[in-house]
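>>> A predicted structure for the sequence below; I have some questions about it.
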Amino acid sequence: MDIVLGAILIFLARLINVAMATVRTLLSIRGQKTLTAVLGFFEALIFVLTISQVLQNLGNVWNLLGYCSGFAAGSLVGIEIEGRLALGYVIVRVVSRHNGDEVTRALRQAGYGVTESIGRGMAGKVRIIDTVVKRKDVPEVTDLINRADARAFITVEDASRVQRGYIQPRHRT
């Protein structure tokens, strides 16, 4: 096999391998057991095939460069893939001093479940609004919140496991 072509193939295999590992790790954190196991199998297979090519000729600097740069690029690609998949759920928490009713109304009208509570912030009484949504819906939800209260404090946290409650399936038109 041509030296440069071999290095390119090693780079691509390692990129795919590490991208799969990154996605697998993130899916594991989100409780996706079956998909995690399937990705783990193929990740291990690609790793063994790739590392065997590198170890057969440690003096070939091109293979080493392909392997190492594939690792670096695979990390970036894996994070990008996972971000685009946007699997799982998050908790969106809103703290509003003045327009809590408008935020709650906007979220409920859009079909999101909302839990409200009263809190006390540095400047006094606040409305705390929690909603659990699909990760892919976060841009829409934060846009609704910002339109209802441009000064609201918004945090988004991963929800590793969701059971029961009110999470309406979103039907986009």
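Arrived safely.
>>> Check which helices and strands the lengthiest strand in the chain is in contact with.
Looking across the chain with DSSP state E, the single longest strand is strand 124-134. The helices and strands touching strand 124-134, judged by 3 or more C-beta pairs under 8 Å, 6 or more residues apart in numbering; DSSP states H and E, are strand 89-96, helix 100-109, strand 115-121. In this view, the C-beta of every residue, glycine as well, is placed from N, C-alpha and C.
>>> Same list (these) but as a markdown table, adding mean neighbour count and distance to Leu58.
Shown next, in a markdown table, are the helices and strands packed on strand 124-134 (neighbours: other C-beta atoms under 10 Å; distance: least, C-beta to C-beta, whole Å):
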| stretch | mean neighbour count | distance to Leu58 |
| --- | --- | --- |
| strand 89-96 | 20 | 45 |
| helix 100-109 | 18 | 58 |
| strand 115-121 | 11 | 59 |
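>>> Serialize the ones you listed to CSV and add fields for distance to Leu15 and mean pLDDT.
As requested, the helices and strands packed on strand 124-134 are exported to CSV (distance: least, C-beta to C-beta, whole Å; pLDDT from 0 to 100):
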stretch, distance to Leu15, mean pLDDT
strand 89-96, 28, 89
helix 100-109, 40, 91
strand 115-121, 43, 90
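>>> Enumerate every residue touching Ser75.
By C-beta atoms under 8 Å, 6 or more residues apart in numbering, Ser75 lies in contact with Val18, Ala19, Thr22.
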